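**Q** Using only what follows, build the 3D model:
(one chain, ligands or ions: 1)
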Amino acid sequence: MCGIVGYIGPRNAQDVLLSGLAKLEYRGYDSAGIAIYDHGEVKLAKTVGRLAALEAKLNGATISGNLGIGHTRWATHGKPSDENAHPHAGCASDFAVVHNGIIENYLALKEKLLASGHHFASETDTEIIAHLLEELWTGDLFSTVLKVLEEIRGAYALAIMTKNDPGKLVAVRKHSPLVIGLGDGENFCASDIPAILEYTRDVLIMEEGEIALITESSVECFDLKGNSIEKKVFQVTWDPVAAEKGGYDHYMLKEIHEQPRAVRDTMSGRLSDDGRKVMLPELKWPEGYAQAVDRIHIVAAGTSYHAGLVGKTVIESLTRIPVDVEIASEYRYRDPIVTDHTLMVVISQSGETADTLAALRNSKERGIRVLAITNVVGSSVAREANDVIVTWAGPEISVASTKAYTTQLIALYLLALYLGQERGKLDDVFVNGFLKDMKELPDKLDEILESSPWIEQTAKDFAVWDDAFFLGRGIDYAVALEGALKYKEISYIHAEAYPAGELKHGTLALIVEGVPVIALVTEDSLYEKSVSNIKEVKARGAHVLAIAWAGDEEIGKSVDRVLYIPRTRTALAPVLMVAPLQLLAYYASVARGNDVDKPRNLAKSVTVE
Ligand code: F6R
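**A** Numbers count the residues shown, from 1 in each chain. Below is the predicted model:
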C-alpha cells in the first residue's frame, strides 16, 4: 500500500503535492518523492524516510511548475532507499510514474527491456512502466499509456506525466484505489480523498479498469480499451477527520473492510501464470533446503501467534512436517529442542515486537535458519531474519490487528503449499484447486462484510453481558482464540476461547442463563461433535450464535442465531470466519462507548519486554 497524488492547474504543484502526501502517509511512510514539470524538464526530488525527510532535502527550495505527481511509499519490491523511492523515470528522464500496487509480471518485462538496452536505476516493479512508456511512445501520452497497460499485469493505481506531451496527467486504476478531484481551472488525482479535500469536494471515484486523462480544464474517463465513459460526480460531505478514515468511524472498521484488497495483494505475484504453483522467490534457501526441513517452530505474540496456530494445522496437513507454535515471551527463555534442519518462522505485523525479536536472535545464535512473516519491510525482524515473506496489508493503524492477521494466514498457506510442492507431497492438481479457492476469498470476504448491520445488532445485544465464550474444534478453535482476543481487547468484556470438547472439564460451570456463546462450526470432520457441545451449553441456558457454512440449515435448529459464511475448504475457513468476529468485537466496543482504535493499556507495537 502506498499513496499517490497528482496535480495540474495554476497553483504551485509542489505545495499541493506535499500537502496531499502528508494526508496519505497513513498508507506508507518509508520514502517519499515528487516529480514536477519545470521549464521543459521533468524534475525529481525523492528520498528514503518520511515526508519530513523530503521536505528537509528540498530545504525550502521550490521546484517551480504547475504539473506534478507525488508518492509516499510502503516498500514491496525493493528495500526503502533513495533509488527505490518513487517517482520513477525512464532512461532519458522524459517520464515520471508513481504507482500503488504490484506489477506481477515485472521480472519478465524487465528482462526484455534490459535486452533492448534499457538501464534500471531501482529494484522496483514500478520502474518498468517508465521504460515501457519510452519503448512504446506514440507521440501522445494517453495512447502510449493504453499500450503500456496491455503489457502489465497486476494491481495498480498510477499517475503518469511526461515532458514530451506536457499539460496532461494520466491516472489509471486497477485493484488499487484512485479518486479524481475536480477543481475550477485545476484538477487532482489521489489514492484517497483526504489528499485533495483542502482543494475540492467534487470527486470522481475511479472503478476497476478506468483511466482518466486530466488537463487543467478537463477530465475525461475511459475504459482500458480507450472507450469514453461517463462518471457521476460524488460530493464529499465528510469532515476532514472522517475522510482520513475513508468515511468509516474508526481505522479498525476501515482496516476490516480493506481485507479483501489486502488478501488479494498478498497473493499477488506469488502464483504461477497457470495457477498450479506457488512461487516464493524471496526465499533464498540453499539447494535442497525445503526437502531437508524436519521440524518447524513458529514463534509470535498475540494475534500473530493465533495466525501461527492456523499455520500449524495447514503446514502439518500439507507437508507432514511437525510444527510447534510458541508464544515468543515463553520461547525466548526456553531451551527448545531443535535439529540441524529446524526452520524457525517468526510472525510479526510490526516486525518490532521485543520478545519475537529476542526469540529470533536466540535462534540465529543457535544456527537456526529464520524465516520472518512481517508487514513492515524495513523492520528489525525483516532485517535480521534470513528470509522474509512480506504481507502486503499496508500500514495497520488501529491497535487491534485485523488485516495483518488475514494476510499472515495467506502467507502461511503459501508457505505450506510451497513446502508441500517442493517436497513432492502435493501434485499440481491439488495446488491448483487450493489456489483457486484462495483466489475466491476476497469476493467471499466482501460478501461477509455486507452482513455488518446484522452483526452490529447482535453485538449490541451481547455487549450488555460481562462475559462471552468462543468455542470451536480443530481449526475453528484457533480462530475462536483470535475472536476472543479481539473481543476482550477493545470491548473490555471478559472473553474466553475453549476447544468445545474441553468445556465439560470445568468451564461449563461458568455457563449461565443468557450468557453469549459464539460457536464456530466449519470443521466438517468434527461437525456432529461440535453440535453436541453446542447442545451442552444450550441446555445450561447459553444464548448461542453459530458461525457456520452457508447451506447448513441443520445448525439453525440447535442455536439462537446463525451467521452463514460462503463455503470454502475448511483449511481456508479462518480467513472468512475471522471477519464476523472482528466486526462483533468492533460493534461491541462501540456499543460500550470505548475508544476503539486506542484501547486502554495497549500499544500498537510492543517494543518492550
Ligand atoms: C491484537 C494485537 C496484538 C499483536 C501482538 C504482536 O489485536 O494486535 O496481539 O498481534 O502485539 O504484534 P506483532 O504482530 O506486531 O509482533
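**Q** ok now stretch 338-349, how far from the chain's centre?
**A** 23 Å (C-alpha atoms, centre = their mean, to the nearest Å).
**Q** mean confidence score for that stretch?
**A** Average pLDDT, stretch 338-349: 97.
**Q** And the closest residue to the ligand within the stretch 51-200 of the chain, its phi and psi?
**A** Distances between the stretch 51-200 of the chain and the ligand by C-beta to the nearest ligand atom are smallest at residue 74, namely 15.4 Å. Every residue, glycine included, has its C-beta placed from N, CA and C. Main-chain torsions, residue 74, degrees, to the nearest 10: phi -130, psi 100.
**Q** In the stretch 501-609 of the chain, which residue sits closest to the ligand?
**A** In the stretch 501-609 of the chain, the residue that lies nearest the ligand is residue 606 (4.8 Å; C-beta to the nearest ligand atom).
**Q** Wasn't that residue part of a helix?
**A** No: Residue 606 is assigned coil when assessed by DSSP: H, G, I helix; E, B strand; the rest coil, not a helix.
**Q** Tell me the spacing between the nearest residue to it once chain neighbours are set aside and the ligand.
**A** Nearest residue to residue 606 in three dimensions, chain neighbours excluded: residue 353, at 5.3 Å (C-beta to C-beta, 6 or more residues apart in numbering). Per C-beta to the nearest ligand atom, to the nearest Å, residue 353 is found 3 Å from the ligand.
**Q** tell me which residues in stretch 78-85 are buried?
**A** Of all the residues in stretch 78-85, those buried under the rule 16 or more other C-beta atoms under 10 Å are 78, 80-81, 83-85.
**Q** Then stretch 530-544?
**A** 530-531, 533-534, 536-538, 540, 542-544.
**Q** and the residue of the stretch 101-250 of the chain nearest the ligand?
**A** Residue nearest to the ligand within the stretch 101-250 of the chain: residue 250 (13.7 Å; C-beta to the nearest ligand atom).
**Q** Just confirm that residue contacts residue 599, I think it does.
**A** No: here residue 250 does not reach residue 599: they are 11.2 Å apart, not a contact under C-beta atoms under 8 Å.
**Q** could you measure the residue nearest to residue 606 against residue 412, distance?
**A** 17 Å (C-beta to C-beta, to the nearest Å).
**Q** So these two - more neighbours on which side?
**A** A count of neighbours by other C-beta atoms under 10 Å puts residue 353 above the other of residue 353 and residue 412, at 29 against 25.
**Q** Run the chain-centre distance for stretch 256-267.
**A** 5 Å.
**Q** And for stretch 263-279?
**A** For stretch 263-279, the distance to the chain centre is 15 Å (C-alpha atoms, centre = their mean).
**Q** Buried ones in it, by neighbour count?
**A** Those would be 263-271, 275-278, for stretch 263-279 by 16+ other C-beta under 10 Å.
**Q** Endpoints of that stretch, how far apart?
**A** End-to-end distance of stretch 263-279: 16 Å, with C-alpha to C-alpha, to the nearest Å as the criterion.
**Q** Buried residues, stretch 516-531. List them.
**A** 516-523, 526-527, 530-531.
**Q** Revised request: answer the last question for stretch 453-465.
**A** 455-456, 458-459, 461-463.
**Q** One more: stretch 51-58?
**A** Neighbour-count burial for stretch 51-58 flags 51, 53-55 (criterion: 16+ other C-beta under 10 Å).
**Q** Ok, stretch 282-300 next?
**A** Neighbour count says stretch 282-300 has 283, 285, 290, 293, 295-300 buried, by 16+ other C-beta under 10 Å.
**Q** now, among the residues you listed, which is nearest to the ligand?
**A** residue 300 (6.4 Å).
**Q** wait, that closest one sits on residue 356?
**A** Yes: if you go by C-beta under 8 Å, residue 300 and residue 356 touch, sitting 6.0 Å apart.
**Q** Between those two, which contacts overlap?
**A** 328, 346-348 (C-beta atoms under 8 Å, 6 or more residues apart in numbering).
**Q** ok, so of those residues, who is nearest residue 95?
**A** residue 348 (37.7 Å; C-beta to C-beta).
**Q** Show me what the helix or strand harbouring residue 580 is packed up against.
**A** In this assignment (DSSP states H and E), residue 580 forms part of helix 573-591. Applying 3 or more C-beta pairs under 8 Å, 6 or more residues apart in numbering; DSSP states H and E, one finds that helix 573-591 makes contact with helix 251-257, helix 403-422, helix 441-449, helix 452-462, helix 475-491, strand 516-521, strand 543-549, strand 561-565.
**Q** wait, does that helix make contact with the ligand?
**A** No: for helix 573-591, no contact with the ligand is found by C-beta under 6 Å from any ligand atom; the gap never falls below 9.2 Å.
**Q** got the angle for that helix vs strand 561-565?
**A** 130 degrees (axes from the mean of the first three to the mean of the last three C-alpha atoms, to 10 degrees).
**Q** Minimum distance to the ligand, which residue of this structure gives it?
**A** Checked against the ligand (C-beta to the nearest ligand atom), the nearest residue in the chain is residue 302, 1.9 Å away.
**Q** show me what contacts the nearest residue to that residue once chain neighbours are set aside?
**A** The shortest distance from residue 302 to any non-neighbouring residue, by C-beta to C-beta, 6+ apart, is to residue 485 (6.8 Å). Residue 485 makes contacts with 302-303, 306, 495, 497, as judged by C-beta under 8 Å, 6+ apart.
**Q** Nice, that's everything, thank you.
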